[in-house]
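Colleague: my questions concern the predicted model and sequence given below.
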Amino acid sequence: MANNIKRPNGTEDVLPKDIHKWYTVEKIARETAESYGFGELRFPTFENTDLFLRSVGETTDVVQKEMYTVKAKETEFTLRPEGTAGAIRAMLQNGMLNEALPQRIFYIISCFRHERPQAGRLREFHQFGLEMAGSPAPSADAEVISLAKNILDRLGLKNIELHINSIGCPTCRAKYHDALRAYFEPRKDELCDTCKERLVKNPMRLLDCKSPEDREIAKDAPVILDYLCDECSEHFTKLKKYLDNAGIAYTVDPKIVRGLDYYTKTVFEFITTEIGAQGTVCGGGRYDGLIEQLGGQHTPALGFGMGIERLLLVMDKQGCDYLAPKKCDIYFATMGDAALEKAMELSRALREYGYFAEYDLMGRGLKAQMKYANKIGAAFTIVLGDNELEEGKAKLKEMEKGEEVTIYLGDKFAASFEEVYFNKMLDFMDEETGGNGSLFAFTGEDK
Ligand code: ATP
Ligand code: MG
């Protein structure tokens, strides 16, 4: 075993026993986004490296340290470190931005960043993300933020705080950059090498540095909110009003600048303290200049990305409900070849109805088959042998209570099973409401 190949550091396998958790997040996120008019976009896992240099930004951690760039036959590509750049590239290339605005898309994707792996920080991780292009209005910011909040609520998450900030537009940022340079200049020798360079090229990036020393120095740095131009300031005020109207609580956090360069005006994060240091489950904001930067017409836009692994960490921790994992509805225990053939035939019919039916594929004896049925938690079992085939009927057993009913093995088998199955469901509901319904009011008789 020692020489077996292991998965790369910072990647994860999702096993069938856990996949229902992913389905839960994907289903709720997808349905919520659709109810706000977003449609799914699928786009490549890798893009031309330039796309990320031009959008994410050359002075960001993502571009400077975290990109997986591969050379294939002399051409260089980068595995997407995030979704926005590729999504916008696809919208542009397919003419979507010439259609009726706003254009709204969502995606469920894997992303790749060469980071130091730890809980909630992977090298391949997954995002549910979305983008809305075309609207400059603060109502669009409120729409996107409330959509994100809606997903978190519908997943049953508690204690997730919304932090918002405005990082202004190029106009306000010019003055702000001057203020930041003036603040950091006297202590520039104490900064890390990356930040020395950032001070020259893009001082706001200093506020995103992860080094504790630099953070300490940045503690009292001027805040962007004091430098917003009238337009940006009004945009932010309106957004706050819309959030208030919607009853969405938020904290204005002037420290949020986000890790990617393309943001303008609104930036936001949904944060929890329950899963350690990597507590941002969702991050996003407005990027009014990006589409133009990528060769399109000036088109204001915004979006967010949610880290699915981080969401699941919080959901597990908080004991949130997941969609029920798919379980065997009926197991056929068979004795002899003829019985096995009958089980195969009946299973075909059941599967047409959408049931999960199983029979022995291992050549096990009857006792071992029943043990297996118990182990996989089959809801019903049925034993088929020569007697049953001869009489054309068999005992269908509900495993939880051990009740049995006779069921005919003819053409109407699947329909009869369905009735018994629904009676079981009704019985469950009766129990929940304190009733006393009988599981087998109907016996599934073949007429
Ligand atoms: P962080 O500050 O945690 O590094 P970020 O600002 O780099 O996050 P974004 O680029 O905004 O993250 O990505 C959106 C979301 O994707 C994050 O809020 C987080 O939930 C998730 N995410 C980002 N990087 C990782 C990673 N390496 N592993 C797992 N999830 C991640
Ligand atoms: Mg990061």
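Modeller: Noted; the coordinates are in hand. Residues are numbered from 1 along each chain as shown. Ligands and ions are numbered 1, 2, ... in the order given.
Colleague: who's in contact with A85?
Modeller: Counting by CB atoms under 8 Å, 6 or more residues apart in numbering, A85 makes contact with 47, 51-52, 55-56, 294. Backbone N, C-alpha and C define where each C-beta goes, glycine included.
Colleague: quickly find the element holding it.
Modeller: Counting by DSSP states H and E, the element that carries A85 is helix 84-93.
Colleague: and the next helix or strand after that helix, which residues are buried?
Modeller: Per DSSP H and E, the first helix or strand lying C-terminal to helix 84-93 is strand 103-112. Across strand 103-112, burial judged by 16 or more other CB atoms under 10 Å covers 103-109, 111-112.
Colleague: who touches strand 103-112?
Modeller: Contacts of strand 103-112 (CB under 8 Å, 6+ apart): 26, 29-30, 33, 36-43, 45, 67-68, 79-83, 87, 91, 96-97, 123-134, 308.
Colleague: restrict those residues to those near ligand 1?
Modeller: 82, 125, 127 (CB under 6 Å from any ligand atom).
Colleague: and the first one, which helix or strand is it part of?
Modeller: Taking DSSP H and E as the criterion, E82 maps to no regular element, lying outside all helices and strands.
Colleague: not counting residues beside it along the chain, what's closest to N150?
Modeller: T32 (5.3 Å; CB to CB, 6 or more residues apart in numbering).
Colleague: touching, the one you found and L155? I think so.
Modeller: No: if you go by CB atoms under 8 Å, T32 and L155 don't touch, sitting 9.4 Å apart.
Colleague: now intersect the contacts of A85 with the helices, please.
Modeller: Assignment to helices by DSSP state H places the following of the contacts of A85 there: 51-52, 55.
Colleague: emit the ChimeraX select command for whichever of these are buried.
Modeller: Those of these that count as buried under 16+ other CB under 10 Å are selected in ChimeraX with:
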select :51,52,55
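Colleague: of the ones in helices among the contacts of A85, which is the nearest to K175?
Modeller: Closest approach between the ones in helices among the contacts of A85 and K175, by CB to CB: S55, at 24.5 Å.
Colleague: could you measure I105 against M96, distance?
Modeller: 8 Å (CB to CB, to the nearest Å).
Colleague: one step back: what about the residue nearest to N150, neighbour count?
Modeller: If you count neighbours by other CB atoms under 10 Å, T32 ends up with 22.
Colleague: same question, G354
Modeller: Quick note: G354 (other CB under 10 Å) scores 9 neighbours.
Colleague: what's the closest non-adjacent residue to G284?
Modeller: Nearest one to G284, counting by CB to CB, 6+ apart, is F304 at 2.5 Å.
Colleague: actually, E131.
Modeller: G303 (3.7 Å).
Colleague: go ahead and confirm the one you found touches G284.
Modeller: Yes: counting by CB under 8 Å, G303 touches G284, with 5.6 Å between them.
Colleague: which residues do these two both contact?
Modeller: With CB under 8 Å, 6+ apart, G303 and G284 have common neighbours V144.
Colleague: sec struct for the nearest residue to A246 once chain neighbours are set aside, please.
Modeller: In space, A246 comes closest to S146 once its chain neighbours are excluded; the distance is 5.5 Å by CB to CB, 6+ apart. Here S146 is recorded as helix under DSSP: H, G, I helix; E, B strand; the rest coil.
Colleague: which residues touch S146?
Modeller: Contacts for S146 (CB under 8 Å, 6+ apart) come out as 243, 246, 248.
Colleague: of the residues you listed, which belong to helices?
Modeller: Per DSSP H, the contacts of S146 map to helices at L243.
Colleague: by neighbours, which of the contacts of S146 wins?
Modeller: Top of the contacts of S146 by neighbour number is L243, holding 21 neighbours under the definition other CB under 10 Å.
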